[in-house]
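[1] Have a look at this fold, sequence not included:
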């Protein structure tokens, strides 16, 4: 089984533990185990809003243009492609309510990581999360044993610097590697997060942390310098990007190939960080704020 369905609610974690044990037993020693965490406006088992019919499905059954299969693009459709843990949580409601609910899902994610470690102590669990799913991933870190999470890939993370820095200061945070994927196309959503949830008093992680952290790497995926750095490593990004898009870190062709290389450890994250730094210094690139709000899709649309 390439993908295990996992759900979390107020009562805790729900999954087929026997299927998880069997999948881990069959897994090749170096194959990745990856928890995939969706963002806003999903609810497991709700028709039309279930993440397991949408981005967490190997073969999505949803007409939404954003319903592209994370498991398939990360290689979990292949017999040797590793194990995907499709983590569903209740993320419907107001932005305020779902933001407040995310730490509860983070506790369930930490429970899932602990379960994998009990079954297969030699395994690390990696995490990829979009938007408020990135907040879930960061909320899990303080509750996880050091080294249990190897790599976390955050896509348009809907989180503030303070909680992110607190998570990275924990033992598990210091032991993990984090790739923070941001885009200029998401800046309007970052602004709305800051304005609506903090009154503009707190900065989001879209601009990185307040000071360097050895395990934290920022990738501004529509910055020309970053695109050039990725090209130098053999990763070409395709497609023309909308000026404002919350989903570009997983919709833009070529980025999943990068994530898969990182998760499979074919590309070490420090090598990517070095290439990004070198190319930015060579080009003198600056990451500019968005020029306007044309084409904005407000929070509340399925993420």
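    That came through, no problem. What you are looking at is a predicted structure, and each value in this text was computed from that prediction instead of being measured. Residues are numbered from 1 along each chain as shown.

[2] Point out where this protein drops to low pLDDT.
    1, 240-241, 283-303 (pLDDT under 70).

[3] can you give me the helices in it?
    17-26, 70-73, 95-119, 132-140, 161-168, 171-175, 187-198, 224-232, 248-251, 255-263, 269-283 (DSSP state H).

[4] Mean neighbour count, those helices: which tops it?
    Of the helices of the chain, the one with the most neighbours on average (mean count of other C-beta atoms under 10 Å) is helix 132-140, at a mean of 29. In this view, the C-beta of every residue, glycine as well, is placed from N, C-alpha and C.

[5] Please report how far the residue nearest to residue 62 when sequence neighbours are not counted lies from residue 76.
    Nearest residue to residue 62 in three dimensions, chain neighbours excluded: residue 54, at 4.7 Å (C-beta to C-beta, 6 or more residues apart in numbering). Here residue 54 is placed at a distance of 16 Å from residue 76 (C-beta to C-beta, to the nearest Å).

[6] Kindly report the same for residue 244.
    30 Å.

[7] One more: residue 260?
    Counting by C-beta to C-beta, the gap from residue 260 to residue 76 is 10 Å.

[8] same thing with residue 115?
    19 Å.

[9] quick one on the thing from earlier: between the helices of the chain, which gets nearest to residue 64?
    helix 248-251 (11.3 Å; C-beta to C-beta).

[10] Run through who's touching the closest one.
    55, 66, 68, 70, 73, 130, 155-156, 181-183, 185-186, 221-222, 239, 241-242, 245, 255-256 (C-beta atoms under 8 Å, 6 or more residues apart in numbering).

[11] Now a PyMOL select for only the buried ones of those.
    Buried members of the contacts of helix 248-251, defined by 16 or more other C-beta atoms under 10 Å, are picked up in PyMOL with:
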select buried, resi 55+66+68+70+73+130+155+156+181+182+183+185+186+221+222+245+255+256
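
[12] out of the contacts of helix 248-251, which are inside strands?
    Cross-referencing those against strands under DSSP state E gives 130, 155, 181, 182.

[13] What is the neighbour count of the nearest residue to residue 38 once chain neighbours are set aside?
    If the residues on either side of it in the chain are set aside, residue 38 comes closest to residue 51, at 4.5 Å by C-beta to C-beta, 6+ apart. As a burial measure, residue 51 scores 32 neighbours (other C-beta atoms under 10 Å).

[14] now swap in the one 5 residues further on and tell me
    Using other C-beta under 10 Å, the number of residues around residue 56 comes to 26.

[15] Next one: the closest residue to it other than its chain neighbours relative to residue 50, how far apart?
    Leaving aside its sequence neighbours, residue 56 sits nearest to residue 86 (C-beta to C-beta, 6+ apart; 3.8 Å). Per C-beta to C-beta, residue 86 is found 11 Å from residue 50.

[16] out of those two, which sits in the more crowded spot?
    residue 86 (25 against 18).

[17] Is residue 84 bridged to anything, and to what?
    Beta-bridge partners for residue 84, by DSSP bridges, are residue 3, residue 34.

[18] separation between it and residue 64?
    20 Å.

[19] Look at those two and report which has more neighbours.
    Per other C-beta under 10 Å, whichever of residue 84 and residue 64 has more neighbours is residue 84, with 30 against 12.

[20] and the more buried one, what is it in contact with?
    Residue 84 makes contact with 2, 3, 4, 34, 36, 70, 71, 74, 76, according to C-beta under 8 Å, 6+ apart.

[21] Most neighbours out of those, which is it?
    residue 34 (29 neighbours).
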